[in-house]
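Asks: quick check, what structure comes out for this input:
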Amino acid sequence: MKTIIAISLSFLVLFQSVGIGVNDILLLGHFMEHAEYHSENYGDDFLTFFEKHYGSLKSEHEKNHKEEKQEHEELPFQHASCHHLSTDVVVFPYEISILRGEIPLNHSHTFYYLNLYSSLERVSIFQPPKSA
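Replies: Here you go, the predicted model:
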């Protein structure tokens, strides 16, 4: 079950990063019906149909077939939004002047020695006898 959810969420992220929404997927039926309409009336194959609605022949097709404008608006992937992020980095030379000054401190530097390296071993009261 986890695998199915993970795969479906992966496809969701993939489709949304490309710009395909749920509305576009629901309009695929209109897309297929309109492709069949072009095949029957104009004799277009799928690539020609795709070129007329999404490619270089789109402006010419819209001028010649204004009566199909309502049907063309119902086709998927007709939104003009672009989700790409374009950033330009421009570096301007800018110099920040930092004023350096000394702060006078009036206190004596007295150093107190602390023995921080004392033995951590405990001296035992009872020691075994030492052989002479």
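
Asks: what residue lies at the spatial centre of this protein?
Replies: The centroid of the chain falls nearest to S17 when counting by Cα atoms, centre = their mean (7.9 Å).

Asks: tell me the secondary structure of that one, please.
Replies: helix (DSSP: H, G, I helix; E, B strand; the rest coil).

Asks: any idea how far S108 is from it?
Replies: Using Cβ to Cβ, to the nearest Å, we find S17 at a distance of 66 Å from S108. Using the backbone N, CA and C atoms, a C-beta is placed for each residue, glycine as well.

Asks: count of neighbours near F31?
Replies: Residues lying near F31 (other Cβ atoms under 10 Å) number 17.

Asks: can you check E33 too?
Replies: Using other Cβ under 10 Å, the number of residues around E33 comes to 13.

Asks: can you tell me the element it falls in?
Replies: helix 28-41 (DSSP states H and E).

Asks: after that helix comes which helix or strand?
Replies: Counting by DSSP H and E, the next helix or strand C-terminal to helix 28-41 is helix 46-54.

Asks: with just CA atoms, put that next one into CSV.
Replies: What follows is helix 46-54, C-alpha atoms only, in CSV (Å, rounded to 0.1, in the frame of the first residue of the first chain):
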residue,chain,number,x,y,z
PHE,A,46,-2.4,12.6,-35.1
LEU,A,47,0.9,14.5,-35.7
THR,A,48,-0.7,17.0,-38.0
PHE,A,49,-3.6,17.5,-35.5
PHE,A,50,-1.0,18.1,-32.8
GLU,A,51,0.9,20.5,-34.9
LYS,A,52,-2.3,22.4,-35.7
HIS,A,53,-3.3,22.8,-32.1
TYR,A,54,0.1,23.0,-30.2
